[in-house]
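Colleague: Structure here, sequence nowhere to be found:
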Ligand SMILES: [Zn+2]
(Lines give C-alpha, C1' and ligand atoms only; values in the text may rest on other atoms or scores of the structure.)
Protein backbone atom coordinates (compact mmCIF):
# COMPACT_ATOMS: atom_id res chain seq x y z
CA UNK A 1 0.00 0.00 0.00
CA UNK A 2 1.41 3.39 -0.87
CA UNK A 3 0.37 6.54 0.86
CA UNK A 4 0.34 9.95 -0.74
CA UNK A 5 2.49 10.99 2.20
CA UNK A 6 1.75 13.55 4.83
CA UNK A 7 -0.83 15.94 3.55
CA UNK A 8 -1.68 19.27 5.06
CA UNK A 9 -5.32 20.22 5.25
CA UNK A 10 -6.21 23.90 5.37
CA UNK A 11 -9.47 23.08 7.19
CA UNK A 12 -7.57 21.18 9.84
CA UNK A 13 -4.95 23.91 10.28
CA UNK A 14 -7.74 26.42 10.81
CA UNK A 15 -9.48 24.15 13.29
CA UNK A 16 -6.31 23.66 15.31
CA UNK A 17 -5.55 27.36 15.41
CA UNK A 18 -9.10 28.14 16.46
CA UNK A 19 -8.98 25.63 19.31
CA UNK A 20 -5.63 26.97 20.48
CA UNK A 21 -6.82 30.58 20.37
CA UNK A 22 -9.83 29.62 22.51
CA UNK A 23 -7.43 28.07 24.98
CA UNK A 24 -4.89 30.90 25.01
CA UNK A 25 -7.39 33.74 25.28
CA UNK A 26 -8.14 32.71 28.87
CA UNK A 27 -4.46 32.88 29.92
CA UNK A 28 -3.55 35.93 31.96
CA UNK A 29 -0.37 36.72 33.83
CA UNK A 30 -0.11 38.67 37.08
CA UNK A 31 2.12 41.20 35.39
CA UNK A 32 3.68 42.11 32.06
CA UNK A 33 5.34 38.74 31.69
CA UNK A 34 3.71 36.72 28.94
CA UNK A 35 5.79 36.63 25.78
CA UNK A 36 4.52 36.22 22.23
CA UNK A 37 6.95 35.68 19.39
CA UNK A 38 5.99 35.84 15.71
CA UNK A 39 8.74 34.75 13.34
CA UNK A 40 8.35 35.19 9.56
CA UNK A 41 9.72 32.47 7.28
CA UNK A 42 12.60 34.58 5.99
CA UNK A 43 13.81 35.74 9.39
CA UNK A 44 17.17 34.29 10.33
CA UNK A 45 17.01 32.29 13.53
CA UNK A 46 20.28 33.86 14.66
CA UNK A 47 18.57 37.28 14.46
CA UNK A 48 15.72 36.01 16.59
CA UNK A 49 18.14 34.57 19.13
CA UNK A 50 20.02 37.86 19.28
CA UNK A 51 16.76 39.73 19.76
CA UNK A 52 15.85 37.50 22.69
CA UNK A 53 19.31 37.84 24.26
CA UNK A 54 18.92 41.58 24.02
CA UNK A 55 15.55 41.32 25.78
CA UNK A 56 17.27 39.38 28.55
CA UNK A 57 19.61 42.27 29.27
CA UNK A 58 16.71 44.74 29.01
CA UNK A 59 14.71 42.78 31.55
CA UNK A 60 17.43 43.19 34.18
CA UNK A 61 15.79 46.59 34.73
CA UNK A 62 12.46 45.11 35.84
CA UNK A 63 11.97 46.16 39.47
CA UNK A 64 9.80 43.34 40.81
CA UNK A 65 11.99 40.35 41.54
CA UNK A 66 9.25 37.83 40.75
CA UNK A 67 8.26 39.48 37.47
CA UNK A 68 11.91 39.66 36.45
CA UNK A 69 12.36 35.97 37.18
CA UNK A 70 9.20 35.07 35.24
CA UNK A 71 10.21 37.09 32.20
CA UNK A 72 13.72 35.63 32.22
CA UNK A 73 12.31 32.10 32.51
CA UNK A 74 9.99 32.69 29.57
CA UNK A 75 12.75 34.04 27.36
CA UNK A 76 15.10 31.19 28.32
CA UNK A 77 12.38 28.67 27.45
CA UNK A 78 12.04 30.26 24.02
CA UNK A 79 15.80 30.31 23.48
CA UNK A 80 15.99 26.65 24.44
CA UNK A 81 13.27 25.78 21.91
CA UNK A 82 14.90 27.80 19.13
CA UNK A 83 18.09 25.76 19.53
CA UNK A 84 16.17 22.67 18.41
CA UNK A 85 14.78 24.30 15.29
CA UNK A 86 16.82 24.13 12.11
CA UNK A 87 14.63 26.05 9.68
CA UNK A 88 11.66 28.33 10.08
CA UNK A 89 8.67 26.54 8.48
CA UNK A 90 7.13 27.88 5.29
CA UNK A 91 4.46 29.93 7.04
CA UNK A 92 6.79 31.06 9.80
CA UNK A 93 6.51 30.17 13.45
CA UNK A 94 4.55 31.52 16.40
CA UNK A 95 5.61 30.86 19.98
CA UNK A 96 3.99 31.74 23.28
CA UNK A 97 5.80 31.43 26.57
CA UNK A 98 4.69 32.78 29.90
CA UNK A 99 4.29 32.33 33.63
CA UNK A 100 0.64 31.35 34.04
CA UNK A 101 -0.82 31.64 37.57
CA UNK A 102 -2.14 28.32 38.91
CA UNK A 103 -4.20 30.11 41.56
CA UNK A 104 -4.82 33.68 42.73
CA UNK A 105 -1.58 33.78 44.71
CA UNK A 106 1.56 35.28 43.17
CA UNK A 107 4.34 32.70 43.22
CA UNK A 108 2.12 29.87 41.94
CA UNK A 109 2.97 30.64 38.29
CA UNK A 110 4.15 27.88 36.01
CA UNK A 111 5.79 28.40 32.66
CA UNK A 112 3.61 27.33 29.77
CA UNK A 113 4.92 27.04 26.23
CA UNK A 114 2.94 26.84 22.99
CA UNK A 115 4.43 26.44 19.53
CA UNK A 116 2.18 27.05 16.57
CA UNK A 117 2.59 26.34 12.87
CA UNK A 118 0.41 29.20 11.64
CA UNK A 119 -2.22 28.48 8.97
CA UNK A 120 -0.96 31.46 6.96
CA UNK A 121 2.28 33.31 6.49
CA UNK A 122 3.54 35.43 9.38
CA UNK A 123 4.30 38.75 7.74
CA UNK A 124 5.88 40.77 10.53
CA UNK A 125 8.39 39.85 13.20
CA UNK A 126 6.91 40.57 16.60
CA UNK A 127 8.25 40.29 20.08
CA UNK A 128 5.53 41.18 22.54
CA UNK A 129 5.60 41.13 26.32
CA UNK A 130 2.33 41.84 28.15
CA UNK A 131 0.00 40.38 30.75
CA UNK A 132 -1.81 38.54 27.96
CA UNK A 133 -0.59 36.73 24.86
CA UNK A 134 -0.72 38.65 21.60
CA UNK A 135 -3.33 36.74 19.62
CA UNK A 136 -4.76 39.11 17.02
CA UNK A 137 -2.26 38.32 14.24
CA UNK A 138 -3.33 34.67 14.47
CA UNK A 139 -7.01 35.61 14.74
CA UNK A 140 -6.57 37.70 11.62
CA UNK A 141 -5.41 34.58 9.76
CA UNK A 142 -8.68 32.82 10.54
CA UNK A 143 -10.81 35.47 8.90
CA UNK A 144 -12.22 34.52 5.49
CA UNK A 145 -9.81 35.32 2.69
CA UNK A 146 -11.79 34.42 -0.41
CA UNK A 147 -11.28 37.12 -2.97
CA UNK A 148 -13.99 38.33 -5.33
CA UNK A 149 -13.26 40.49 -8.31
CA UNK A 150 -15.55 43.49 -8.69
CA UNK A 151 -16.11 45.21 -12.01
CA UNK A 152 -18.43 48.18 -12.29
CA UNK A 153 -19.21 49.20 -15.84
CA UNK A 154 -20.81 52.48 -16.77
CA UNK A 155 -20.80 54.08 -20.17
CA UNK A 156 -18.84 57.05 -18.88
CA UNK A 157 -17.17 55.75 -15.76
CA UNK A 158 -16.05 52.29 -14.74
CA UNK A 159 -14.09 50.89 -11.82
CA UNK A 160 -12.29 47.71 -10.87
CA UNK A 161 -11.64 46.41 -7.40
CA UNK A 162 -11.85 43.37 -5.22
CA UNK A 163 -13.28 42.17 -1.95
CA UNK A 164 -11.10 40.03 0.31
CA UNK A 165 -12.71 39.00 3.58
CA UNK A 166 -14.17 42.27 4.77
CA UNK A 167 -11.62 44.39 3.01
CA UNK A 168 -12.57 46.30 -0.14
CA UNK A 169 -9.91 47.61 -2.45
CA UNK A 170 -10.64 49.86 -5.42
CA UNK A 171 -7.77 49.29 -7.79
CA UNK A 172 -8.55 51.56 -10.72
CA UNK A 173 -11.20 53.76 -12.22
CA UNK A 174 -11.67 54.56 -15.87
CA UNK A 175 -13.29 57.39 -17.80
CA UNK A 176 -14.45 56.76 -21.33
CA UNK A 177 -14.58 60.34 -22.53
CA UNK A 178 -17.83 59.48 -24.27
CA UNK A 179 -20.34 62.27 -23.83
CA UNK A 180 -22.96 61.34 -26.33
CA UNK A 181 -25.02 64.44 -25.77
CA UNK A 182 -24.14 66.57 -28.72
CA UNK A 183 -23.67 65.52 -32.21
CA UNK A 184 -21.06 67.55 -34.05
CA UNK A 185 -22.51 69.59 -36.89
CA UNK A 186 -22.54 67.89 -40.25
CA UNK A 187 -22.33 64.34 -38.83
CA UNK A 188 -25.07 62.00 -39.79
CA UNK A 189 -26.96 60.32 -36.95
CA UNK A 190 -25.80 56.92 -38.15
CA UNK A 191 -22.12 57.87 -38.27
CA UNK A 192 -22.46 59.49 -34.88
CA UNK A 193 -23.90 56.30 -33.35
CA UNK A 194 -21.18 54.21 -34.92
CA UNK A 195 -18.48 56.45 -33.46
CA UNK A 196 -20.05 56.19 -30.02
CA UNK A 197 -20.23 52.43 -30.33
CA UNK A 198 -16.59 52.18 -31.35
CA UNK A 199 -15.65 54.44 -28.48
CA UNK A 200 -17.50 52.17 -26.08
CA UNK A 201 -15.76 49.08 -27.46
CA UNK A 202 -12.34 50.67 -27.01
CA UNK A 203 -13.33 51.59 -23.49
CA UNK A 204 -14.35 48.00 -22.62
CA UNK A 205 -11.15 46.61 -24.12
CA UNK A 206 -9.07 49.02 -22.09
CA UNK A 207 -10.87 47.81 -18.94
CA UNK A 208 -10.55 44.14 -19.95
CA UNK A 209 -6.84 44.54 -20.41
CA UNK A 210 -6.40 45.96 -16.92
CA UNK A 211 -8.77 43.42 -15.37
CA UNK A 212 -6.90 40.52 -16.95
CA UNK A 213 -3.58 41.82 -15.68
CA UNK A 214 -4.96 42.18 -12.19
CA UNK A 215 -7.21 39.15 -11.72
CA UNK A 216 -5.23 36.47 -13.53
CA UNK A 217 -2.48 36.95 -10.99
CA UNK A 218 -4.74 36.59 -7.97
CA UNK A 219 -4.24 33.20 -6.37
CA UNK A 220 -7.40 33.02 -4.34
CA UNK A 221 -9.89 34.52 -6.76
CA UNK A 222 -13.19 32.79 -6.03
CA UNK A 223 -15.22 34.57 -8.67
CA UNK A 224 -16.08 37.84 -10.37
CA UNK A 225 -19.14 40.03 -10.00
CA UNK A 226 -20.04 42.61 -12.58
CA UNK A 227 -22.48 45.47 -12.03
CA UNK A 228 -23.54 48.78 -13.46
CA UNK A 229 -26.45 50.96 -14.50
CA UNK A 230 -28.08 50.38 -17.86
CA UNK A 231 -27.03 47.99 -20.62
CA UNK A 232 -23.27 48.77 -20.62
CA UNK A 233 -22.37 45.88 -18.33
CA UNK A 234 -24.01 43.36 -20.65
CA UNK A 235 -22.24 44.95 -23.61
CA UNK A 236 -18.98 44.60 -21.72
CA UNK A 237 -19.61 40.89 -21.04
CA UNK A 238 -20.79 40.20 -24.58
CA UNK A 239 -17.80 41.98 -26.09
CA UNK A 240 -15.75 38.95 -24.97
CA UNK A 241 -12.57 40.98 -24.75
CA UNK A 242 -12.16 39.68 -21.20
CA UNK A 243 -9.79 36.70 -20.92
CA UNK A 244 -11.78 33.45 -21.27
CA UNK A 245 -10.42 32.15 -17.95
CA UNK A 246 -11.92 35.17 -16.24
CA UNK A 247 -15.15 34.97 -18.21
CA UNK A 248 -15.59 31.48 -16.71
CA UNK A 249 -15.27 33.03 -13.27
CA UNK A 250 -18.17 35.47 -13.66
CA UNK A 251 -20.65 34.57 -10.93
CA UNK A 252 -23.28 37.18 -11.68
CA UNK A 253 -24.06 40.38 -13.57
CA UNK A 254 -26.30 42.72 -11.56
CA UNK A 255 -28.04 46.02 -11.99
CA UNK A 256 -26.92 48.87 -9.70
CA UNK A 257 -27.57 52.58 -9.59
CA UNK A 258 -24.04 53.88 -10.10
CA UNK A 259 -21.13 53.53 -12.46
CA UNK A 260 -17.53 54.11 -11.48
CA UNK A 261 -16.05 53.98 -7.98
CA UNK A 262 -19.37 54.70 -6.26
CA UNK A 263 -20.70 51.59 -7.92
CA UNK A 264 -18.24 49.31 -6.10
CA UNK A 265 -20.04 49.74 -2.74
CA UNK A 266 -23.42 49.37 -4.39
CA UNK A 267 -22.21 46.19 -6.08
CA UNK A 268 -21.04 44.68 -2.78
CA UNK A 269 -24.41 45.43 -1.16
CA UNK A 270 -26.10 43.63 -3.98
CA UNK A 271 -23.94 40.47 -3.93
CA UNK A 272 -23.47 39.93 -0.16
CA UNK A 273 -25.85 36.99 0.03
CA UNK A 274 -24.38 35.37 -3.05
CA UNK A 275 -20.91 35.42 -1.52
CA UNK A 276 -22.20 33.51 1.50
CA UNK A 277 -23.65 31.03 -0.97
CA UNK A 278 -20.29 30.40 -2.65
CA UNK A 279 -18.83 29.12 0.61
CA UNK A 280 -21.78 26.80 1.09
CA UNK A 281 -21.76 25.57 -2.49
CA UNK A 282 -18.31 24.07 -1.90
CA UNK A 283 -19.55 22.37 1.28
CA UNK A 284 -22.61 21.03 -0.53
CA UNK A 285 -20.43 19.66 -3.30
CA UNK A 286 -18.21 17.80 -0.84
CA UNK A 287 -21.17 16.26 0.97
CA UNK A 288 -22.83 15.31 -2.31
CA UNK A 289 -19.75 13.30 -3.30
CA UNK A 290 -20.34 11.21 -0.20
CA UNK A 291 -24.11 10.94 -0.70
CA UNK A 292 -23.53 9.76 -4.27
CA UNK A 293 -21.42 6.86 -3.02
CA UNK A 294 -24.17 5.98 -0.56
CA UNK A 295 -26.93 6.01 -3.15
CA UNK A 296 -24.80 4.07 -5.68
CA UNK A 297 -24.13 1.52 -2.97
CA UNK A 298 -20.53 1.53 -4.21
CA UNK A 299 -19.09 0.35 -0.92
CA UNK A 300 -16.90 3.45 -0.87
CA UNK A 301 -18.84 5.30 1.80
CA UNK A 302 -18.10 4.93 5.50
CA UNK A 303 -19.75 6.66 8.42
CA UNK A 304 -19.73 6.76 12.19
CA UNK A 305 -16.70 7.04 14.45
CA UNK A 306 -15.86 3.35 14.66
CA UNK A 307 -16.10 2.53 10.97
CA UNK A 308 -14.32 5.68 9.80
CA UNK A 309 -11.52 5.38 12.34
CA UNK A 310 -10.95 1.79 11.28
CA UNK A 311 -10.81 2.74 7.60
CA UNK A 312 -8.41 5.58 8.44
CA UNK A 313 -6.12 3.24 10.30
CA UNK A 314 -6.06 0.94 7.24
CA UNK A 315 -5.07 3.93 5.12
CA UNK A 316 -8.22 3.37 3.08
CA UNK A 317 -9.72 6.86 3.35
CA UNK A 318 -9.54 9.23 0.41
CA UNK A 319 -11.61 12.05 1.88
CA UNK A 320 -12.53 12.54 5.52
CA UNK A 321 -15.56 14.77 6.05
CA UNK A 322 -16.28 16.10 9.53
CA UNK A 323 -18.92 18.42 10.92
CA UNK A 324 -17.60 21.51 12.66
CA UNK A 325 -20.41 20.95 15.18
CA UNK A 326 -18.62 17.85 16.52
CA UNK A 327 -17.64 18.53 20.12
CA UNK A 328 -16.73 15.02 21.15
CA UNK A 329 -13.45 14.10 22.82
CA UNK A 330 -11.78 10.75 22.53
CA UNK A 331 -9.97 9.45 25.60
CA UNK A 332 -7.33 6.74 25.42
CA UNK A 333 -7.18 4.80 28.66
CA UNK A 334 -4.43 2.44 29.66
CA UNK A 335 -3.63 0.28 32.64
CA UNK A 336 0.03 0.56 33.57
CA UNK A 337 -0.15 -2.70 35.47
CA UNK A 338 -1.51 -5.20 32.90
CA UNK A 339 -1.43 -3.13 29.71
CA UNK A 340 -5.21 -3.15 29.18
CA UNK A 341 -6.30 -0.40 26.76
CA UNK A 342 -9.63 1.22 26.05
CA UNK A 343 -11.06 4.11 24.03
CA UNK A 344 -13.90 6.23 25.35
CA UNK A 345 -15.72 9.28 24.12
CA UNK A 346 -17.27 12.24 25.94
CA UNK A 347 -19.09 15.32 24.73
CA UNK A 348 -17.47 18.61 25.69
CA UNK A 349 -20.02 19.50 28.38
CA UNK A 350 -19.61 16.14 30.15
CA UNK A 351 -15.83 15.96 29.76
CA UNK A 352 -14.92 17.03 33.29
CA UNK A 353 -17.39 14.58 34.84
CA UNK A 354 -16.09 11.73 32.71
CA UNK A 355 -12.51 12.55 33.60
CA UNK A 356 -13.14 12.49 37.33
CA UNK A 357 -15.15 9.25 37.07
CA UNK A 358 -12.22 7.58 35.32
CA UNK A 359 -9.81 8.75 38.03
CA UNK A 360 -11.84 6.76 40.55
CA UNK A 361 -12.14 3.63 38.39
CA UNK A 362 -9.90 0.62 38.75
CA UNK A 363 -8.72 -1.49 35.82
CA UNK A 364 -11.57 -3.67 34.46
CA UNK A 365 -9.04 -6.44 33.75
CA UNK A 366 -6.70 -6.60 36.76
CA UNK A 367 -8.56 -4.33 39.22
CA UNK A 368 -5.41 -2.36 39.97
CA UNK A 369 -5.45 1.39 40.51
CA UNK A 370 -3.04 2.00 37.64
CA UNK A 371 -5.86 2.72 35.20
CA UNK A 372 -5.02 6.10 33.66
CA UNK A 373 -5.84 8.53 30.89
CA UNK A 374 -3.07 8.25 28.34
CA UNK A 375 -4.30 10.84 25.91
CA UNK A 376 -7.27 13.12 25.39
CA UNK A 377 -8.07 14.96 22.19
CA UNK A 378 -11.07 16.08 20.20
CA UNK A 379 -12.40 13.65 17.60
CA UNK A 380 -11.65 16.17 14.86
CA UNK A 381 -8.02 16.43 15.99
CA UNK A 382 -7.66 12.70 16.45
CA UNK A 383 -9.13 11.63 13.10
CA UNK A 384 -7.51 14.59 11.34
CA UNK A 385 -4.12 13.45 12.53
CA UNK A 386 -4.54 9.93 11.13
CA UNK A 387 -5.87 11.42 7.90
CA UNK A 388 -2.79 13.59 7.54
CA UNK A 389 -0.37 10.74 8.01
CA UNK A 390 -2.22 8.55 5.51
CA UNK A 391 -2.59 11.25 2.88
CA UNK A 392 -6.37 11.69 3.12
CA UNK A 393 -8.09 15.01 2.48
CA UNK A 394 -9.85 16.56 5.43
CA UNK A 395 -12.95 18.72 5.00
CA UNK A 396 -14.55 20.37 8.00
CA UNK A 397 -18.05 21.45 7.13
CA UNK A 398 -20.57 23.82 8.72
CA UNK A 399 -24.14 22.84 9.40
CA UNK A 400 -25.52 25.85 7.55
CA UNK A 401 -26.65 23.85 4.55
CA UNK A 402 -29.15 21.01 4.41
CA UNK A 403 -26.30 18.65 3.50
CA UNK A 404 -24.16 19.91 6.38
CA UNK A 405 -27.01 19.44 8.83
CA UNK A 406 -27.57 15.93 7.47
CA UNK A 407 -23.89 15.17 8.02
CA UNK A 408 -24.31 15.99 11.69
CA UNK A 409 -27.75 14.63 12.50
CA UNK A 410 -27.94 11.57 10.23
CA UNK A 411 -24.32 10.46 10.12
CA UNK A 412 -23.07 11.66 13.51
CA UNK A 413 -20.81 14.27 11.92
CA UNK A 414 -18.21 11.73 10.75
CA UNK A 415 -18.14 10.29 7.23
CA UNK A 416 -15.51 9.25 4.71
CA UNK A 417 -15.11 8.40 1.06
CA UNK A 418 -12.84 5.39 0.66
CA UNK A 419 -10.12 4.67 -1.86
CA UNK A 420 -11.25 1.07 -2.25
CA UNK A 421 -13.85 -1.28 -0.81
CA UNK A 422 -13.20 -2.59 2.67
CA UNK A 423 -13.68 -6.16 3.87
CA UNK A 424 -13.05 -6.20 7.56
ZN1 LIG B 1 -4.94 -3.67 34.49
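Modeller: Cool, the structure landed. Not measured: the values here are computed from a predicted model. Numbers count the residues shown, from 1 in each chain.
Colleague: ok, so what distance separates the residue of the stretch 151-300 of the chain found nearest the ion from residue 311?
Modeller: Going by CB to the ion, the ion is nearest to residue 299 of the stretch 151-300 of the chain, at 38.4 Å. Backbone N, C-alpha and C define where each C-beta goes, glycine included. Residue 299 sits 11 Å away from residue 311, taking CB to CB, to the nearest Å as the criterion.
Colleague: who's more crowded, these two?
Modeller: Between residue 299 and residue 311, residue 311 has the larger neighbour count (other CB atoms under 10 Å), namely 23 against 12.
Colleague: give the contact list for the more buried one.
Modeller: The contact partners of residue 311, taken as CB atoms under 8 Å, 6 or more residues apart in numbering, are 302, 317, 416, 418, 422.
Colleague: pLDDT averaged over the helix or strand it falls within - what is it?
Modeller: Assigned by DSSP states H and E, residue 311 belongs to helix 305-313. Helix 305-313 shows a mean pLDDT of 96.
Colleague: Repeat that for stretch 151-160.
Modeller: 94.
Colleague: ok, and for it, which residues are buried?
Modeller: 151, 152, 153, 154, 155, 157, 158, 159, 160 (16 or more other CB atoms under 10 Å).
Colleague: In strands, which of these fall?
Modeller: If you go by DSSP state E, the buried residues of stretch 151-160 have 151, 152, 153, 157, 158, 159, 160 in strands.
Colleague: so how far is the longest helix seen in the chain from its chain's centroid?
Modeller: When the chain is parsed with DSSP state H, its longest helix is helix 260-296. When distances are taken as CA atoms, centre = their mean, to the nearest Å, helix 260-296 is centred 17 Å away from the chain's centroid.
Colleague: same deal with stretch 76-83?
Modeller: On CA atoms, centre = their mean, the centre of stretch 76-83 falls 28 Å from that of its chain.
Colleague: contacts for that stretch?
Modeller: 35, 37, 45, 48-49, 52-53, 56, 95, 97, 111, 113, 115.
Colleague: what two of those are the furthest from one another?
Modeller: Among these, the pair separated by the greatest distance (CB to CB) is 45 and 111, at 21.2 Å.
Colleague: picking that back up, quick check: neighbours shared by residue 299 and residue 311?
Modeller: Joint contacts of residue 299 and residue 311 (CB under 8 Å, 6+ apart) are 418, 422.
Colleague: and the helix or strand hosting residue 96, which strands flank it?
Modeller: Take DSSP H and E as the rule and residue 96 turns out to sit in strand 93-100. Applying DSSP bridges to the sheet, strand 93-100 is found paired with strand 34-39 (antiparallel), strand 110-116 (antiparallel).
Colleague: Return the set of buried residues in the helix or strand bottoming out on mean pLDDT in the chain.
Modeller: Within the chain, no helix or strand scores below helix 260-296, which has a mean of 88 by mean pLDDT, DSSP states H and E. Within helix 260-296, the residues scored as buried using 16+ other CB under 10 Å are 260-268, 270-271, 275, 280, 283-284, 286-287, 289-291, 293.
Colleague: ok, now stretch 99-117?
Modeller: Those would be 99, 100, 109, 112, 116, for stretch 99-117 by 16+ other CB under 10 Å.
Colleague: Among these, which pair sits farthest apart?
Modeller: So, the buried residues of stretch 99-117 by CB to CB: farthest apart are 109 and 116, at 21.5 Å.
Colleague: just to revisit the earlier point, emit the ChimeraX select command for whichever of the contacts of stretch 76-83 are buried.
Modeller: Applying 16+ other CB under 10 Å to those, the buried members can be selected in ChimeraX as follows:
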select :35,37,48,52,95,97
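Colleague: The ion: which of the contacts of stretch 76-83 is nearest?
Modeller: Checking the contacts of stretch 76-83 one by one against the ion (CB to the ion), the nearest turns out to be residue 113, at 33.2 Å.
Colleague: now the nearest residue to the closest one once chain neighbours are set aside, which residues is it bridged with?
Modeller: Computed as CB to CB, 6 or more residues apart in numbering, the closest residue to residue 113 that is not its neighbour in sequence is residue 97, at 4.9 Å. Each beta-bridge partner of residue 97 is listed here: residue 35, residue 113, as defined by DSSP bridges.
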